[in-house]
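**Student:** Need a 3D model of the sequence below.
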Amino acid sequence: MVRFAFRFLLIKEITNSTHEISEKSLSSPQELGTLAQNLSGQYSLLSEDSRGAQGSCSSDEVSNRIRSAIQDLGHSIIDLIKVSGSVQSNPSDTYIKDELSRSSKLVIEKISYVLSALQAGSRGTQACINAASTVSGVIGDLDTCIMFATAGTLQADDDADRFADHREDILKTAKALVEDTKTLVTGAASSQEQLAVAAQNAVKTIIQLADVVKSGAASLGRDNSESQVLLINAVRDVASALAELIYATKSASGKSQNEPAMIHLKDSAKIMVTNVTSLLKTVKTVEDEHARGTRALEATIEALHQEIRAFDSSENDGRLATAEELLRATKPVTQATYKAVTAGKTGKQDDAIIAANMGRKAVADLLLTCKAAANSCEGPATRNQVLSAGRDCALKFRELLHTVHQILTRPEAKNLQANLVPMTQSIAQAVALIAAAAENMKDADGWVNPEDPTVIAENELMGAAGIIDIAAKRLRELRPRRDVNYRLESQNMNFDELILEACMAITEATAALIKAAGSAQAELVQEGRVSSRPLYSSEDGQWSDGLISAARTVAAACHNLCEAANMLVQGHATEEKLISSAKQVASSTAQLLVACRVKSDSNSPSMYRLHTAGNQVKKATDNLVQAAQESLDASRERTITLDRRRVGGIAQEISANEDILIKERELEEARGKLLALRKAKYGERASDDEYYGYGGTASSYSHQSETKITETRYTSGPSGYTST
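**Tutor:** Numbering: from 1, shown residues only. Okay, here's the model as predicted:
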């Protein structure tokens, strides 16, 4: 895309120079020599750069088309320069000036052919970029679904729904994805048109697969939350592998079989097949109480292998992490280690699936934080220490899970239980090395050991409830836009009224959720499960901190939703902003549910109220997103006025191409920003946030700023699937 943008800029300069020559022939003929020289230099650069475009084409037809278009443009420019010289010699000759005008028009016409040829040569590449972005949206949606499953709130709408009703659809769609994957890999050596079709088909299939798997996971019921997480994690692995495969296909397009890009493509295809196979195994065993724990261990062992492989790669997103964040990332690993040892000793499948799910998330977050912390290190020694310690910890934990898997699957391997304690000690040593590396990262004005008392979570919850009540009052005061041409012909509300009603439903449901969380926290303090004034370093203190962070996030999300609704009904914002704000509420609600669930009794009345309120928030946000999306789909019709004149029409085409390139550049920048935000979303708070409700930093109590979490999903419309 960068090279294509550069070629477009060259073409734009040639176009401007041509127009300028035509104008100066009438007003300042003496300047034509300089302009002709500039035009010649610009064409030379374009001709040289176009060789790369021809070489990257997978089709000889497209390559020949580009070469022919460039050559024809060169011939027309030569004619224009010759006529310019004649005009400069005879500025009063009107016949020569007319000839120059005709030559200028011919150059502009040839430029349009060059643009068309270059775009044909990069259609498949652009399709891959768009496909990868859409798959990234699917992954974000699955992450949110995992949070709801972890919180125990993922439930099918129909209580009679059974997983067996979805199994065949999942298997059929997964097999279709395998076929699309094969076509995508072969598309790297095919034409750009075939590559574009293969990428689009693969994206449609992964979206269908994600939908059927989510429906199947919901049918398992919230009582099987660990099985739900296992199943959704399996399809998430497939989506991640597909995104990597699409990028590899884009890079390998037009390359020879022996080049590194093709080797990377083959490796990515193998990972894709491995992950699809793992999904099929999970689907077949997820309801089997005697095998799903073992399957979870197998899936986690393979997932950690891929995480370590990605950790060892040179790819770096530039994210940073502090020493405190690095230390906090080790705590979930310690807890997951304890769960793994318990599973190895008891041999129970339920213990194994819990250990697998916890370990997968804990180690993945640890590796992500280690890589970010390494970017924050000043010296190479500390950087290498952080990376080495993190990798060593991940390898040892993976080895522990492998041992537990052997104990569960091989009766003769019971003697391996004696190895569990030494393995635990080796993991503890690796964690100690990470802590030592974190100590080396400290500076005089930076990180300090958090030993201060934490703020009681109930106060923050009540404060968040107050903010949401204020937001609800603001919504009641809003009035929809009035259209002078609007006539009420039925009892149905218009779009703005629907939006305000939906936003009110969300704020009311969220207020109920916050109050229920406050009641649950107060109940835990009264029962003695949580200390009323815990130290930050204690487990209760970190849980309270996580609850505070989650409550603040919900309050901030509701505030953003009200602002978006206010701006929309006043005509100062778009439906896309409202959709993003609604999804932010859903994502932050899921985190609050996870935080509350850790210490509470799942059968208590307070947790029942929490689940009810959480489901109400989720349904209300889904309704709002659907209403806004339908409004977007209904407003996509556009009217274009075409200039039928040749020069004017070509100028319109060039202007349209310019707009496309500008928007594509802005889109790439926005995608990069969104990718960084998604990765930072899990790095800025500890992994305990999502499994145990831990989160935030010691300084967040006195310097808490507005927290925003952007949750991304894909949506579907008449024009196809897009990511938001």
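**Student:** so which helix or strand takes in the residue nearest the centre of the chain?
**Tutor:** The chain has residue 136 as the residue nearest its centroid, 4.1 Å off, counting by Cα atoms, centre = their mean. If you go by DSSP states H and E, residue 136 is part of helix 123-150.
**Student:** Please compute how far that helix lies from its chain's middle.
**Tutor:** With Cα atoms, centre = their mean, to the nearest Å as the basis, helix 123-150 stands 6 Å off its chain's centre.
**Student:** go on, stretch 161-174?
**Tutor:** That offset, for stretch 161-174, works out to 26 Å (Cα atoms, centre = their mean).
**Student:** before we move on, what about stretch 73-89?
**Tutor:** Centroid separation between stretch 73-89 and its chain, computed with Cα atoms, centre = their mean, is 52 Å.
**Student:** Name the surrounding residues that touch it.
**Tutor:** 14, 18, 21, 25, 29-30, 32-33, 35-36, 39-40, 43, 46-47, 93, 96-97, 99-100, 103-104, 106-107, 109-111, 113-114 (Cβ atoms under 8 Å, 6 or more residues apart in numbering). Quick note: C-beta positions are derived from backbone N, CA and C, even for glycine.
**Student:** does residue 311 really touch residue 367, like I thought?
**Tutor:** Yes. Look at residue 311 against residue 367 with Cβ atoms under 8 Å: they come within range, at 4.6 Å.
**Student:** Overlap of the contact sets of the two?
**Tutor:** 390, 391, 394.
**Student:** The last one: how many residues sit nearby?
**Tutor:** Neighbourhood size, residue 394 [other Cβ atoms under 10 Å]: 25.
**Student:** before we move on, what about the second one?
**Tutor:** In terms of burial, residue 391 registers 18 neighbours under the definition other Cβ under 10 Å.
**Student:** what's downstream of the helix holding residue 136, the next helix or strand?
**Tutor:** Note on helix 123-150: by DSSP H and E, the next helix or strand toward the C-terminus is helix 164-187.
**Student:** what is the mean pLDDT for that following helix?
**Tutor:** What helix 164-187 shows for mean pLDDT is 89.
**Student:** so what does that helix touch, helix or strand wise?
**Tutor:** helix 192-219, helix 225-252, helix 260-285 (3 or more Cβ pairs under 8 Å, 6 or more residues apart in numbering; DSSP states H and E).
**Student:** Would you point to the one among those that's packed deepest?
**Tutor:** For the helices and strands packed on helix 164-187, the largest average neighbour count (mean count of other Cβ atoms under 10 Å) is found in helix 225-252, namely a mean of 25.
**Student:** distance of residue 74 from residue 46?
**Tutor:** Going from residue 74 to residue 46 by Cβ to Cβ, to the nearest Å gives 9 Å.
**Student:** These two: who's more crowded?
**Tutor:** Neighbour count, other Cβ under 10 Å: between residue 74 and residue 46, residue 46 has more, with 23 against 16.
**Student:** Now do the contacts for the residue nearest to residue 177 when sequence neighbours are not counted.
**Tutor:** When the adjacent residues along the chain are set aside, residue 177 lies closest to residue 205, with 4.6 Å between them (Cβ to Cβ, 6 or more residues apart in numbering). The neighbours of residue 205, taking Cβ under 8 Å, 6+ apart as the test, are 173, 176, 177, 180.
**Student:** gap between residue 205 and residue 273?
**Tutor:** Look at residue 205 and residue 273: by Cβ to Cβ, they are 15 Å apart.
**Student:** so how many other residues sit close to residue 583?
**Tutor:** Counted by other Cβ under 10 Å, the residues lying close to residue 583 total 26.
**Student:** For the strand or helix carrying it, buried residues please.
**Tutor:** Per DSSP H and E, residue 583 falls inside helix 575-597. By 16 or more other Cβ atoms under 10 Å, the buried positions in helix 575-597 come out as 575, 577-597.
**Student:** Can you name every helix or strand that it contacts?
**Tutor:** When contacts are defined as 3+ Cβ pairs under 8 Å, 6+ apart, helix 575-597 sits against helix 123-150, helix 495-527, helix 539-569, helix 605-634, helix 688-691.
**Student:** Spit out the contact partners of the residue nearest to residue 181 when sequence neighbours are not counted.
**Tutor:** Setting aside the residues directly before and after it, residue 181 is nearest to residue 272 in space (Cβ to Cβ, 6+ apart), at 5.4 Å. Residue 272 sits next to 181, 238, 241, 242, 244, 245 when contact means Cβ under 8 Å, 6+ apart.
**Student:** For residue 364, give me the pLDDT.
**Tutor:** Predicted confidence (pLDDT) for residue 364: 92.
**Student:** Number the chain from 44, please
**Tutor:** Yes, from this point I'll number from 44; that puts the last item at residue 407.
**Student:** Which strand or helix spans it?
**Tutor:** Using DSSP H and E, residue 407 maps to helix 392-419.
**Student:** and that helix, how far from the chain's centre?
**Tutor:** Put simply, helix 392-419 sits 19 Å off its chain's centre (Cα atoms, centre = their mean).
**Student:** so what secondary structure elements neighbour the longest helix seen in the chain?
**Tutor:** Looking across the chain with DSSP state H, the single longest helix is helix 689-726. On a contact count with 3+ Cβ pairs under 8 Å, 6+ apart, helix 689-726 meets helix 45-70, helix 137-164, helix 166-193, helix 392-419.
**Student:** quick one: contacts for the closest residue to residue 273 other than its chain neighbours?
**Tutor:** Of all residues not flanking residue 273 in the chain, residue 339 sits nearest, at 5.0 Å (Cβ to Cβ, 6+ apart). By Cβ under 8 Å, 6+ apart, the residues touching residue 339 are 269, 273, 395, 396, 399, 400.
**Student:** 7 Å instead, please
**Tutor:** Taking Cβ atoms under 7 Å, 6 or more residues apart in numbering, we find residue 339 in contact with 273, 395, 396, 399, 400.
**Student:** picking that back up, got a pLDDT number for the residue nearest to residue 220?
**Tutor:** With respect to pLDDT, residue 248 scores 94.
**Student:** and it, how far is that from residue 198?
**Tutor:** Residue 248 sits 27 Å away from residue 198, going by Cβ to Cβ.
**Student:** Show me where the stretch 444-593 of the chain dips below the pLDDT cut-off.
**Tutor:** Applying pLDDT under 70 to the stretch 444-593 of the chain picks out residues 485-550, 552-553, 556-591.
**Student:** burial count for the closest residue to residue 348 other than its chain neighbours?
**Tutor:** Among residues not flanking residue 348 along the chain, residue 441 sits closest, at 7.0 Å (Cβ to Cβ, 6+ apart). As a burial measure, residue 441 scores 20 neighbours (other Cβ under 10 Å).
**Student:** again, but for residue 717
**Tutor:** 18.
**Student:** What of residue 706?
**Tutor:** Applying the criterion other Cβ under 10 Å, we find 10 residues in the vicinity of residue 706.
**Student:** likewise residue 401?
**Tutor:** By the criterion of other Cβ under 10 Å, residue 401 has 24 neighbours.
**Student:** Was I right to think it contacts residue 377?
**Tutor:** No. Look at residue 401 against residue 377 with Cβ atoms under 7 Å: they stay out of range, at 10.7 Å.
**Student:** where does the residue lying closest to residue 481 once chain neighbours are set aside land on pLDDT?
**Tutor:** Nearest residue to residue 481, sequence neighbours excluded (Cβ to Cβ, 6+ apart): residue 366, at 4.1 Å. For residue 366, the pLDDT comes out at 84.
**Student:** from memory residue 366 sits against residue 484, does it?
**Tutor:** Yes. Between residue 366 and residue 484 there is a contact at 4.1 Å, judged by Cβ under 7 Å.
**Student:** Thank you, goodbye.
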